[in-house]
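Visitor: any chance you can model this:
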Amino acid sequence: MYLKQNQWKKLAAILMVIGLFFSLSSFFAPGTVNAAEKSITIKVNGVVKKTFTCDDLEAKKGTTAWAGPRVYSTINTYPTKKWYAVEGVKLMALFEDAGVDLEEEGIQVIKVKANDGYLMTFTKKELLDDSRYYFPGLKDNHEYYGHMQGSVRGKEPVDAIIALRSVESDDFAYMTTQSCPLLIFGQRWVTEQTNHTFSKNVSEIDLLTTAPEKWASPTATPAGGTVPAGTKVVLTNEFGDTDKIYYTTDNSDPTLESPIYNWIARRWWNNRKDVLDEINKPIEITEDTTIKAITIGFGREDSDIAVFEYMVETAAVTGVSIIEGDQILNEGITVKLTAVVSPVNTYNQKVTWSTSDDSVATVDKETGLVTAVSEGEATITVTTDNGEFNDSITVTVVPPYSAALAEESPSPEQIILTWTADPTTTQTVNWLMPNNSLAWVQYLKAEEFEGNFDSAQQLKAKGAVFTTDSSVYRYTANLTGLTPDTKYIYRVGREGAWSEPAAFTTAATETESFSFLYMGDVQSGYTAWGSMLDSVYEAHPETKFVLLGGDLTDKGYDENEWGEFIDAAAGVFSRIPVMPTMGNHDGLMYQKFFALPDNGPTGLKQEFYSFDYGDAHFVILNSNNNTSTVVKQWLQQDLEGTNKKWKFAVFHHPAYPATYDSKGIDKSICENWVPILEENGVDMVFVGHQHVYMRTYPIFQGEVQTDSYGIVYVMGNAGSKTYGGGVGLPYIACEKIGSNYQVIDIDGDVLTLTSKEASGELIETYIINKSIQVQPEKPQYHVIPKKDSVYNIGATTDGIKTMIVNPNQTGLKDFTVFIEPVVKNEGTETVVFTQFRDGVQLHLNTVVADFDLIKTAQAEFDIEDGDVIKAYIVDDFNNADDFNPTILQ
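Guide: All right, here's what the predicted structure looks like:
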């Protein structure tokens, strides 16, 4: 999301009324005192040794007792990664100044108490003896998600300190004395969760000689023994909270560097039900496995290691099959065959390969690698290790390819690329041929291509009738195991009937920069459209793929029209993939031709699907079917399941039309799909249908947003059929009559939409910049009340959102707000709901969550008409030690 420059001051001014903040101070910060009045008392077994004021501690600045300013890395129990910028006094120096020798005194346990009574217990070993570090690579792999391990590169030893100035950031400019004295220390390993132990407003440290208790060992369900393959083992321990379970499955002893089982602490389980089983993930047993587990947590010694041994139930071999089927190979061609032994949990998956005639074709007895030697037929057989089961295929070896044979049989035509799986390692090829004979794809890396396909890999294609008279077949083949970010040369067909060589390039594994093309309705004028497509690709060779917005043809059942469309498209779509959606003119021919991802809702997989490219997620919907409950459930799950930075949707009918549509499909889409798209942060929706170019302002809950929060809807029209303009609807930001296309460039946080007429004349350029911040490093959020008949939405003069209860509304009612980060906070935040009646505050409810991930908050109040509910957001409020929240709104 981006914000226009002239909105900075406006948003920065959205702060809470100071009087309201102080009216809540008893709730937020009971017992807080001025920093100058704070002090820390050092005790040994309850006996006071020395008391230090903050001024005493400040006086140590410039001495060897002082640490910082420097940054500390940490993870909280949500789990979320954080930085802390701090400076203060080393804890060991404080003890020495108090005249305490920890070794001579025999100190084993350290209790740290805050001025509000909050108490943390540590063992001396974990807090002071073990090496602790700052990990600058903590946020490698993912900036926020604590369970996605960062890097240990460049780790730096750090001391445990009492910080006098601190901030939850790596920017020293924002350090304050608000939390001082603050106990803070490093991580022993890059995954260690330490943030919950950072005690604010420390008032007392008691050093004890009593021996620490020991954590109980984890338990497992099931606890071991013989189990079916696929059994999922659940590990538990005493609290399941800050007492972390570390485990191994390779028979090594678990340590702090081993995987963590209970990443999400028990206190968050109700808030994180949607991802609990994905992050606190049960361990699946697929083979004989030994799980070793240990509990490691603060305040006690590590538990004994628990050992759980599992033997997988095995079954006798019942069969074996060769996946690839019969092969026709040119002399010198090598292919690898694949055998599947049944059942999958059999105790012995070993097989042996053999050939009936090694003068025709040889086979490696262990790997199944077949080499065509000379013209003829050979039988390739695979046999199970016990010799009881086998399967065979026929390999027909033909002479090397000769161009003279090409005249004997019609060549393939109308080749189109799509994706059915991961764009980094797969490529799906679709084409038409006149009859149902064997057909293949031959392919090899461009760097290995020497003008022929003698050394190419070969994959047999699947054929199906395409035309009603069965004269033309559609073939499809999905190439797998490809190398990311690599150019390949390929051809399709069969001996004597090969297509011309063409090329495609796989996606890079980690790319934040790429371009794609969007085209709305084609429907007619295929020759002109094909010429435009060719010229657009020539002008934008960096384009990785094309999205089509439906109505590819006018008569979806007309084979001739489909032939015209595919003829016009093949010049470009044989080089880059096309990913289409269905329009109201598309039908059976659409479904018969395109091979698309098989990840949609049951029974509707060709009509609904999604895919990822780079850091973007695309969801494709058939808007002819926009009321299905199954589809809505699938759409919600699909969008919730992606963590990509950019999210796009493509469907044919507009949710917000350029001109009014009497059929009401727009209203149905707004009712059924748009709330799901908005809730899950979709950035842009591509539509068609009305044969005009149109872009909306950002829209949320049916209203134009003055900043960029909301969804931008883009209507395209690529064909020669055009309609007149609309009626100047208030959400329309740009409109243009005629044939057009859109190029979308993504470069990290910046999206550039370039819309052009068919001639190449610029219509407009529109930019979304997610990196622009209101105030650098200062978190801020939008709080947007959900529309409801119970109340009217408003705001105070200071920008706090209000929900004013309508007449004749009484009783218990829910109040919901949407949360949208402008500049993200690290960790959890608290949404505060307050209820006022006649100017007097009656109640206060809070919702604590990571609102960078959770998009809604809700509270319930017993209301009367005229009541005012206010909603705003403050910073991390958890673990009973956050008493001075910062307003983030």
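Visitor: can you check the pLDDT for Pro399?
Guide: Per-residue confidence for Pro399 comes out at a pLDDT of 74.
Visitor: what is the burial count for it?
Guide: Other residues near Pro399 number 11, with proximity taken as other Cβ atoms under 10 Å. Heads up, the C-betas are built off the backbone N, CA and C, glycines and all.
Visitor: quick check: it vs Ile333, distance?
Guide: Pro399 sits 11 Å away from Ile333, taking Cβ to Cβ, to the nearest Å as the criterion.
Visitor: ok, Ser151 next?
Guide: Plainly put, Ser151 is 44 Å away from Ile333 if you go by Cβ to Cβ.
Visitor: the two: who's more crowded?
Guide: Legend: neighbour count by other Cβ under 10 Å for Ser151 and Ile333, higher for Ile333 (24 against 14).
Visitor: thinking the more buried one is in contact with Asn452, fair?
Guide: No. Ile333 lies out of contact with Asn452 (Cβ atoms under 8 Å); the separation is 11.2 Å.
Visitor: can you give me the helices in the protein?
Guide: Defined through DSSP state H, the helices belonging to the chain, from first to last, are 8-12, 18-23, 25-28, 54-58, 91-97, 102-105, 124, 276-279, 526-539, 559-573, 588-593, 629-640, 665-672, 674-679.
Visitor: for the record, mean pLDDT for the second one?
Guide: Same thing as helix 18-23. The model assigns helix 18-23 a mean pLDDT of 32.
Visitor: ok, the first one next?
Guide: Model confidence over helix 8-12, given as mean pLDDT, is 30.
Visitor: shaky segments in the stretch 451-600 of the chain?
Guide: 469-470 (pLDDT under 70).
Visitor: same check on the stretch 301-450 of the chain?
Guide: By pLDDT under 70, the low-scoring segments of the stretch 301-450 of the chain are 344-345, 347, 400-411, 435-437.
Visitor: the same query, at a cut-off of 90, please.
Guide: Residues of the stretch 301-450 of the chain meeting the criterion pLDDT under 90: 312-318, 321-350, 367, 372, 386, 396-414, 431-440, 450.
Visitor: quick one: the strands in it?
Guide: Counting by DSSP state E, counting those that start in this stretch, one finds strands in the stretch 301-450 of the chain at the ranges 306-312, 319-322, 327-330, 334-336, 339-342, 351-355, 361-363, 369-372, 376-384, 390-398, 413-418, 427-433, 440-445.
Visitor: what residues go with each domain of this structure?
Guide: 1-30+774-889, 34-208, 219-312, 319-398, 403-505, 513-735 (automatic domain parsing).
Visitor: now find how far off-centre the fifth one is within its chain.
Guide: Here the centre of mass of C-alpha atoms in domain 403-505, compared against the chain's by Cα atoms, centre = their mean, to the nearest Å, lies 33 Å away.
Visitor: any chance of the helices of the chain in CSV, with distance to Ile184 too?
Guide: Putting the helices of the chain into CSV (distance: least, Cβ to Cβ, whole Å) gives the following:
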stretch, distance to Ile184
helix 8-12, 29
helix 18-23, 26
helix 25-28, 21
helix 54-58, 14
helix 91-97, 10
helix 102-105, 19
helix 124, 17
helix 276-279, 26
helix 526-539, 56
helix 559-573, 57
helix 588-593, 60
helix 629-640, 35
helix 665-672, 49
helix 674-679, 37
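Visitor: mean neighbour count added to those, as JSON lines?
Guide: Compiled in JSON lines, the helices of the chain are given as follows (neighbours: other Cβ atoms under 10 Å):
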{"stretch": "helix 8-12", "mean neighbour count": "13"}
{"stretch": "helix 18-23", "mean neighbour count": "12"}
{"stretch": "helix 25-28", "mean neighbour count": "14"}
{"stretch": "helix 54-58", "mean neighbour count": "18"}
{"stretch": "helix 91-97", "mean neighbour count": "19"}
{"stretch": "helix 102-105", "mean neighbour count": "12"}
{"stretch": "helix 124", "mean neighbour count": "18"}
{"stretch": "helix 276-279", "mean neighbour count": "14"}
{"stretch": "helix 526-539", "mean neighbour count": "18"}
{"stretch": "helix 559-573", "mean neighbour count": "19"}
{"stretch": "helix 588-593", "mean neighbour count": "18"}
{"stretch": "helix 629-640", "mean neighbour count": "16"}
{"stretch": "helix 665-672", "mean neighbour count": "17"}
{"stretch": "helix 674-679", "mean neighbour count": "19"}
